[in-house]
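S.K.: A predicted structure for the sequence below; I have some questions about it.
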Amino acid sequence: MRQDLSHSERVYQTAHNTTAAATSPVAASWSRCLNLYRLQPEVTRKPTRLDDQAYREARERMDVLLRSSAEEMDRLYQIVGRSGCCIVLADAEALVIDRRSWIGDDEAFRALGLWQQTVWSEASAGTNGIGTGLADERPVIIHQDQHFMSANIGLSCVTALIRDHLGRVTAALDVSTCRKDVTELTLAILSQAVRDAATRVESNLFRQAFPGARLVMVPQAQSNAALLAVDADDLIVGATRAARLALKLDDQVIAAGLPASDVLLETKGERTADLEEAERAALRRTLSRAQGNVTLAAQLLGISRATLHRKIKRLQLQ
C-alpha cells in the first residue's frame, strides 16, 4: 500500500544525498533504513513482535531496570499521560518492555505498535525516537515527518537513553504522541523532562549496583548524572558515564584503584602527609560521635586521655 507519496519521495531523495546524510542525523538515519535495512518508506508495516517466551525472558533480564524505572514512568504518566502521550520503556534492543498510556488512547497506540513485545529498532520500524536514539546513542526528537515510514508521520517522539553502572546503554525512555497540534517548543520541553527522568533512573541503577559505597557527585561535570561510587578507603569502585567522560576514567583505571580525592583534585597542600590527614579525620569523627567529650573519645579509640590530648594539640583540632 502506498500512502503520502510526497513524504516517501522526499525520503528517497534525501537518503541518496550523501551531503544531507553527513550533516543531518535524521537524513543519516533515513540512509541507514534505506540502504542498510532495505526498508521502503511507502510500505505500511508494523514493528516486529516477539513471541511470548522471548518477551518473558527479556523482561526477566530487565527486572532491576523495571523496578528502578517504575516510579519515573508513573510520574511522566501523571504529567502527560492524559494529554495523548504514551510513555515507553525499551531495552537496548529497542524491545518495548513497559509502557503507560490513558485507556482512551490505547487503541490508537496499539494500532501503531507502541505496545509491549514490539521492537522499535530502526531495522524494524525505520527512523523513530527509540530506534534512532539507540543507534546514535544520544537523546533524540523525531517529529512527525522526520519518521522514515510514511505510516508513522503522525507520530512525534522524544527519547533519552538510560545507562547502567558501567556506562553502557541499557534502555531507552520515550514519550510519543499522535497529537497534530504538538509544536517543536512543546517537544523540547518534554524532551528535557524525559532526560531528567532517565537521569534519575540511571542514578537508581547506580545506587543499587554499589549499595555499600558512598556516592559523590563530580563538581567539574556540572551534571547530576556524574556520580562516583567510593569505598571506605576513598578508592573509586564505580563511575557513571557522565563521570567517566568528565574525569577520563575507564574500567581499567577504576579496577587499578584510584583515590577519589586525587581524581577530584582535593589537594591537601604540603602541611600534612596522607597518614597524618587520615589520623586527623579519624579523630574528628570519633570526637563528633562523643559529642566533644575527650574522655569518652579516648575510650572509643582505646587510648589514654593524655595521649588523645597530645594528638589533638599536634593536629590542631582545638
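M.R.: Received, thanks.

S.K.: A172: which element?
M.R.: Under the criterion of DSSP states H and E, A172 resides in strand 169-177.

S.K.: Could you find the closest non-adjacent residue to L39?
M.R.: Setting aside the residues directly before and after it, L39 is nearest to C33 in space (CB to CB, 6 or more residues apart in numbering), at 4.6 Å. Placement of C-beta: from N, CA and C, glycine included.

S.K.: okay but that neighbour is in contact with A15, surely?
M.R.: Yes: counting by CB atoms under 8 Å, A15 is a contact partner of C33 at 7.4 Å.

S.K.: Looking at the two, which is more packed in?
M.R.: C33 (27 against 22; other CB atoms under 10 Å).

S.K.: And the strands in the stretch 1-150 of the chain?
M.R.: Using DSSP state E, counting those that start in this stretch, the strands of the stretch 1-150 of the chain run over residues 48-49, 85-91, 96-100, 118-119, 140-143.

S.K.: Tell me which of those sits most buried.
M.R.: Using mean count of other CB atoms under 10 Å, the stretch among the strands of the stretch 1-150 of the chain with the largest mean neighbour count is strand 85-91, at a mean of 26.

S.K.: Now do that strand and strand 169-177, the angle between them.
M.R.: Strand 85-91 and strand 169-177 are oriented at 160 degrees to each other (axes from the mean of the first three to the mean of the last three CA atoms, to 10 degrees).

S.K.: quick one: strand 85-91 to strand 96-100, angle?
M.R.: Counting by the same axes, to 10 degrees, strand 85-91 lies at 160 degrees to strand 96-100.

S.K.: Doesn't T159 belong to a strand?
M.R.: Yes: using DSSP: H, G, I helix; E, B strand; the rest coil, the secondary structure at T159 is a strand.

S.K.: Quick check, it in contact with G129.
M.R.: Yes: counting by CB under 8 Å, T159 does reach G129; the two are 3.7 Å apart.

S.K.: what residues do the two have in common as contacts?
M.R.: Both T159 and G129 are contacted by 140-142, 172, 174, under the criterion CB atoms under 8 Å, 6 or more residues apart in numbering.

S.K.: ok, what's across the strand from C86?
M.R.: S176 (DSSP bridges).

S.K.: and it, how far is that from S124?
M.R.: 17 Å (CB to CB, to the nearest Å).

S.K.: One more: Y77?
M.R.: 25 Å.

S.K.: For those two, work out which one has more neighbours and name it.
M.R.: S124 (22 against 18).

S.K.: ok, now which ones touch that one?
M.R.: Contact analysis of S124 by CB under 8 Å, 6+ apart lists 47-48, 94, 118, 131.

S.K.: try 10 Å this time
M.R.: If you count contacts by CB atoms under 10 Å, 6 or more residues apart in numbering, S124 has them with 37, 39, 45-49, 93-95, 113, 118, 130-131.

S.K.: Could you do V158 as well?
M.R.: By CB under 10 Å, 6+ apart, the residues touching V158 are 85, 129, 133, 139-143, 173-177, 182, 186-195.
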